[in-house]
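Below: sequence and its predicted model.
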Amino acid sequence: MVTCLNLLSGCVATVFALQGDAFTATIFIMAGAVFDFFDGFLARLLDAHSIIGKDMDSLADDITFGLAPAALMFSLFKQYPYVTEFGATYVPYTAFLIAAFSAIRLAKFNNDARQTKSFIGLPTPANALLIAGIANAPMASFMWMDWPEFATLWRCPGVGLSVLIILTGTLCYLLVSEIPMFSLKERGKLQYAFLAISAILILLCGFLGLAVAMATYITISWIKMIIDTDDV
């Protein structure tokens, strides 16, 4: 039941994303993330594990953290002026590669024994929250003050489309990469420090803080991978 609530949240988020309502779509993606946490928590608490539940969890996650953020990216692509009608018609659909690579990421996770306590590749919820934060950039604020300069800068027609294309490709790569990424399900100084930094960023920057926090998560994981490799 809780997993289905995650899936339904993703469906609703996708509808709002396609309508261009990034704020409401993000609310439902975050609701899906809450349900995603509690379905695993309840499964462990009640010792209610099943293959069907595992498959359902992945299907729900690909809707909420794959399709919904892809729809947000699609809406962002549609905001830009295109030189040709062909580009305006077809380029935005590259956003849905995010849903496909999210499905690959989830399938790898289900069949990779190395990912019991940490992740290999960018977790789909982190990817979804990063995209949601960027989609809400027009509402960017700093210290509870409007920051319109940022909102107009990242949407500049001269660079905005290129940024979206590069971002889509980078996120698709990170989803299926072999980069180890720490899990918040584990408890440690790293996890607590990251949560504290994320809370500060969200308080300071609102939804945009989500994107900065997830970018910080990727950066910390990458640095940790380099340090661990050097130690070996």
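Structure's in. What do you need?

What helices and strands are in contact with the strand or helix carrying residue 59?
Using DSSP states H and E, the element containing residue 59 is helix 51-62. Counting contacts by 3 or more CB pairs under 8 Å, 6 or more residues apart in numbering; DSSP states H and E, helix 51-62 packs against helix 2-18, helix 22-46, helix 97-110, helix 124-135. Where you see a C-beta, it was placed from the backbone N, CA and C, and this is true even at glycine.

after it, next one along is what?
Scanning forward in sequence from helix 51-62 by DSSP H and E, the next helix or strand is helix 68-78.

what's the distance between that next one and the middle of its chain?
Shown here is helix 68-78, whose average C-alpha point lies 12 Å from the average C-alpha point of the whole chain (CA atoms, centre = their mean, to the nearest Å).

contacts for that helix?
By CB atoms under 8 Å, 6 or more residues apart in numbering, the residues outside helix 68-78 that reach it are 10, 13-14, 17-18, 20, 22, 25-26, 28-29, 32, 91-99, 102, 127-128, 131-132, 134-135, 161, 164, 168.

Then stretch 168-179?
For stretch 168-179, contacts defined as CB under 8 Å, 6+ apart pick out 73, 94-95, 97-98, 101-102, 104-105, 108, 120-122, 124, 127, 130-131, 218, 221-222, 225.

Now restrict the residues you listed to buried residues only.
In terms of neighbour count (16 or more other CB atoms under 10 Å), the buried residues within these are 73, 94-95, 97-98, 101-102, 105, 120-122, 124, 127, 130-131, 218, 221.

now stretch 202-219: how far from the chain's centre is it?
11 Å.

Using CSV, write out every CA atom in it.
Output of stretch 202-219 as CSV, limited to C-alpha atoms (Å, rounded to 0.1, in the frame of the first residue of the first chain):
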residue,chain,number,x,y,z
ILE,A,202,17.3,24.4,1.8
LEU,A,203,16.6,27.0,4.5
LEU,A,204,18.8,29.6,2.7
CYS,A,205,17.7,28.8,-0.9
GLY,A,206,14.4,27.1,-0.8
PHE,A,207,13.9,24.4,-3.4
LEU,A,208,17.0,25.5,-5.3
GLY,A,209,18.8,24.3,-2.2
LEU,A,210,17.7,20.8,-3.1
ALA,A,211,19.7,21.0,-6.3
VAL,A,212,22.8,22.4,-4.5
ALA,A,213,22.5,19.8,-1.8
MET,A,214,22.4,16.9,-4.3
ALA,A,215,25.3,18.4,-6.3
THR,A,216,27.1,18.5,-2.9
TYR,A,217,26.2,14.8,-2.4
ILE,A,218,27.7,13.8,-5.7
THR,A,219,30.9,15.9,-5.1
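
In it, which residues are buried?
Residues of stretch 202-219 classed as buried: 202, 205-214, 217-218 (neighbour count, 16+ other CB under 10 Å).

and the two most separated of these?
206 and 218 (20.2 Å; CB to CB).

show me the contacts for the residue lying closest to residue 202 once chain neighbours are set aside.
For residue 202, the nearest residue in space outside its immediate sequence neighbours is residue 209; the separation is 3.8 Å by CB to CB, 6 or more residues apart in numbering. With contact taken as CB under 8 Å, 6+ apart, residue 209 is in contact with 133, 198, 201-203.

can you give me the mean pLDDT across stretch 210-222?
Per-residue pLDDT values over stretch 210-222 give a mean of 90.

typo on my end, stretch 163-181
Stretch 163-181 carries an average pLDDT of 91.

quick one: the closest residue to residue 123 other than its chain neighbours and residue 117, what's the gap?
What sits nearest to residue 123 in space, not counting adjacent residues and going by CB to CB, 6+ apart, is residue 181, at 6.6 Å. As for residue 181, its distance to residue 117 is 12 Å (criterion: CB to CB, to the nearest Å).
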